[in-house]
Structure formats: structure tokens, C-alpha cells
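Build me a model from this:
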Amino acid sequence: QVQLVESGGGLVQAGGSLRLSCAASGLTFNYYAMGWFRQAPGKEREFVAAISGNSGVSYYADSVKGRFTISRDNAKNTVYLQMNSLKPEDTADYYCAADYGGSSNNRYPYEYDYWGQGTQVTVSS
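Residues are numbered from 1 along each chain as shown. Next up is the predicted model:
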């Protein structure tokens, strides 16, 4: 079955960096657009970034544009989220998601077929 496993979360000071990884198995990875979402306590899950399956076209939420970079390695079935200049408001659980045949500008959770369990990111001020 399809599995998405996130890693790389943790505690970091404001201004610091983290790199999240999401390892996928049980699917033909390059057929899927991959997205990162986040959910803070008491808030709805929100779109962060997404990348298309083969062309590598990416799309970002305005709140992270210029600070976060999404990338993928189709040979390793892995998608990454490099997060720089982190702010306390970036604190959330971060989830990766897979969208069969999707495009990089799919920004709604219902558009994604599979989800990981999430990794926690805490940014202290």
C-alpha cells in the first residue's frame, strides 16, 4: 500500500532552518504531484507548497514564498521542503501529500489522494 513518511521536524529558533523529507513507497512516484501542508493547533490545514511529477514546476503559498523551497528526487521517491528564515508563525505539524496526475498548483487538501502522518515543527522566538 501507499506510504508517505515525513521526517526532519524539530525545534528551531526564529531565523533558523530545517529540511523536511517525505519518503514515498507503494506508488509510481513521478506520476504524482507532491504537496506540503501544515496545520497549527486550532487552525485548518493550509497549503504550503507543491511540485509537479516530472517537470519540477513548483507553487508556493504567499506566506512562505522566498523562504521555503520544495524539491523532489524521483530516483529516491522523496520530496523535500527546505525551510529558511523560520518564524514562530511557521510552527505547525507539516504533512506531505500525493496527488495522482495532479499539477503543482493544486492547493486544496481534497485534491490529494494520500497523506503522511506529519512531522512537528516548532519555531521559538
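
three-state assignment of the most centrally placed residue in the chain?
Nearest to the mean C-alpha position of the chain, counting by Cα atoms, centre = their mean, stands residue 36 at 2.2 Å. On the three-state scheme (DSSP: H, G, I helix; E, B strand; the rest coil), residue 36 is labelled strand.

Which stretches in the chain count as helices?
Using DSSP state H, no helices are assigned anywhere in the chain.

who's in contact with the residue nearest to the centre of the chain?
20, 22, 48-50, 70, 79, 81, 94-97 (Cβ atoms under 8 Å, 6 or more residues apart in numbering). Using the backbone N, CA and C atoms, a C-beta is placed for each residue, glycine as well.

Could you list the low-pLDDT ranges of this structure?
For the chain, applying pLDDT under 70 flags no range at all.

now with 90?
In the predicted model, the chain carries pLDDT under 90 at residues 54-56, 101-106.

Spatially nearest residue to residue 97, not counting backbone neighbours?
residue 112 (3.8 Å; Cβ to Cβ, 6 or more residues apart in numbering).
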